[in-house]
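Novice: Take a look and give me a structure for this.
(one chain, ligands or ions: 1)
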Amino acid sequence: MRPSPPPDPSPAADPARIEVALGERAYPVLIGPGVRHRLPAEIARVGARRVVVVSARPPEWTPDPGVPHRVVPARDGEHDKTLATVERLCRAFADFGLTRTDAVVSCGGGTTTDVVGLAAGLYHRGIAVIHLPTTLLAQVDASVGGKTAVNLQEGKNLVGVYWQPRAVLCDTEHLTTLPERERRNGYGEIARAHFIGAGDLRGRPVAEQIAACVALKARVVAADERDSGLRHILNYGHTLGHALEVATGFRLRHGEAVGVGTAFAGRLAGLLGRIDPARVAEHHEVVTGYGLDPTLPSDVDHDELIALMRRDKKATSGLSFVLDGPTGPELVPDVPEPTVRTALV
Ligand code: GLY
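Specialist: A predicted model of the protein is given here:
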């Protein structure tokens, strides 16, 4: 689909503004139509004199930072989420003469914000980065919270640092350029947010859905930046989701896999007696209500899924899942394998 031309470059009047409260590293997330045009103001706030903009979007959708800059093209997708890309970006920063008081801007989907965030976190031992996530998935989750990573052949997201951005600009006009499948993909993260405190966002305007998910994530990250406890809840539906991405060779996109994983988490919590049948059914309804398929692809090998889930980063004691329950979502260790297999339908 050819994207429509961008609308008039006038900053949105009143975007939603959510603060990620991390003390001296606190930063705003602005959400609304046209917020990409606030980039020069954010660059001025950071005080950068030169900027490298790493963009996976066409020039007409890549905003001008308002200071001398170079645009470095990038590609969204797992193939470029590598240490080789980080090296390429850092060399481009050095070639342009970025100093530690300058800044980097990412403009693209979650893989682009992840890899640019990591390059920014490493270059000169860390320079300012501002994210302009352009997919729904990146706006509701990936660009907020400071997790950056690249993949190794041995696994996904194995090398990364926590490096918080100085601002995140979620421009809902960017979403108008998305193919339908990519837009729906973002709803996997919104579906999982339903079960971890964002509330029922079905039928709400997209800017409100993004703001509710970001507000939830900002609260969780402010309480547990380094993922030592509470932050695990953001991985609701992700244990199976990540396994499915790998087992299908990334044929299933992240949000699609998280949708399947969310419906599975409901079934598993039901089998363990943690939630009642109505709540199990709600998992199915929410996932399908966002246009996602809640069922496992018929060609995936359940033994492989079990093996992959045993290697999940949260699995410190047997098969572990974030599951709904009487006191809300929590990490449940040592889930019996036969019960997991029963829920894998
Ligand atoms: N995407 C999960 C997290 O940021 O912790």
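Novice: Up against the ligand, what does the stretch 151-300 of the chain have?
Specialist: Applying C-beta under 6 Å from any ligand atom, we find that the stretch 151-300 of the chain lies next to the ligand at 227, 231, 234, 235. Where C-beta positions appear, they are placed from N, C-alpha and C, glycine not excepted.
Novice: how much space between the first one and residue 319?
Specialist: If I follow you right, that is residue 227. Distance, residue 227 to residue 319, by C-beta to C-beta, to the nearest Å: 19 Å.
Novice: Point to the residue nearest the middle of this structure.
Specialist: The residue lying closest to the centre of the chain (C-alpha atoms, centre = their mean) is residue 142, at 2.0 Å.
Novice: What helix or strand is residue 338 located in?
Specialist: helix 337-343 (DSSP states H and E).
Novice: Can I get the buried part of the residues of the stretch 151-300 of the chain next to the ligand as one ChimeraX selection?
Specialist: Buried residues among these (16 or more other C-beta atoms under 10 Å), as a ChimeraX selection:
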select :227,231,234,235
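Novice: List the ones among the residues of the stretch 151-300 of the chain next to the ligand that fall in strands.
Specialist: Taking DSSP state E, every one of those sits outside strands.
Novice: For the residue lying closest to residue 231 once chain neighbours are set aside, give me the pLDDT.
Specialist: For residue 231, ignoring the flanking residues on the chain, the nearest one in space by C-beta to C-beta, 6 or more residues apart in numbering is residue 224 at 4.3 Å. What the model reports as pLDDT for residue 224 is 97.
Novice: Residue 10 now?
Specialist: For residue 10, the predicted pLDDT is 55.
Novice: Also residue 317?
Specialist: Looking at residue 317, its pLDDT reads 78.
Novice: any idea how far residue 293 is from it?
Specialist: Distance from residue 317 to residue 293, by C-beta to C-beta: 31 Å.
Novice: who has more neighbours, these two?
Specialist: residue 293 (14 against 10; other C-beta atoms under 10 Å).
Novice: any idea how far residue 221 is from that one?
Specialist: 30 Å.
Novice: Residue 341 - how many residues pack around it?
Specialist: Neighbourhood size, residue 341 [other C-beta under 10 Å]: 13.
Novice: Give the closest residue to it in space, chain neighbours not counted.
Specialist: Take residue 341 and drop its neighbours on the chain: the residue closest to it by C-beta to C-beta, 6+ apart is residue 302, 6.2 Å away.
Novice: Compute the number of surrounding residues for that neighbour.
Specialist: With other C-beta under 10 Å as criterion, residue 302 counts 13.
Novice: pretty sure residue 247 is in contact with residue 300, am I right?
Specialist: Yes: judged on C-beta atoms under 8 Å, residue 247 makes contact with residue 300 at a distance of 4.9 Å.
Novice: Quick check on those two: which one has the bigger neighbour count.
Specialist: More neighbours surround residue 247 than the other of residue 247 and residue 300, with 22 against 17 (other C-beta under 10 Å).
Novice: what sits against the more buried one?
Specialist: Residue 247 sits next to 300, 301, 304, 305, 308 when contact means C-beta atoms under 8 Å, 6 or more residues apart in numbering.
Novice: Select only the buried ones of those in ChimeraX?
Specialist: Selection of buried members from those for ChimeraX, criterion 16+ other C-beta under 10 Å:
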select :300,305,308
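Novice: Dump the strand or helix carrying residue 246 to PDB, restricted to CA.
Specialist: If you go by DSSP H and E, residue 246 is part of helix 238-247. This file holds the C-alpha atoms of helix 238-247, laid out as PDB (Å, rounded to 0.1, in the frame of the first residue of the first chain):
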ATOM      1  CA  HIS A 238       4.600 -13.400  25.900                       C
ATOM      2  CA  THR A 239       6.100 -16.700  27.100                       C
ATOM      3  CA  LEU A 240       4.100 -18.600  24.500                       C
ATOM      4  CA  GLY A 241       4.200 -15.600  22.200                       C
ATOM      5  CA  HIS A 242       8.000 -15.500  22.000                       C
ATOM      6  CA  ALA A 243       8.200 -19.300  21.600                       C
ATOM      7  CA  LEU A 244       5.700 -19.100  18.700                       C
ATOM      8  CA  GLU A 245       7.700 -16.400  17.000                       C
ATOM      9  CA  VAL A 246      10.800 -18.500  17.000                       C
ATOM     10  CA  ALA A 247       9.000 -21.800  16.200                       C
END
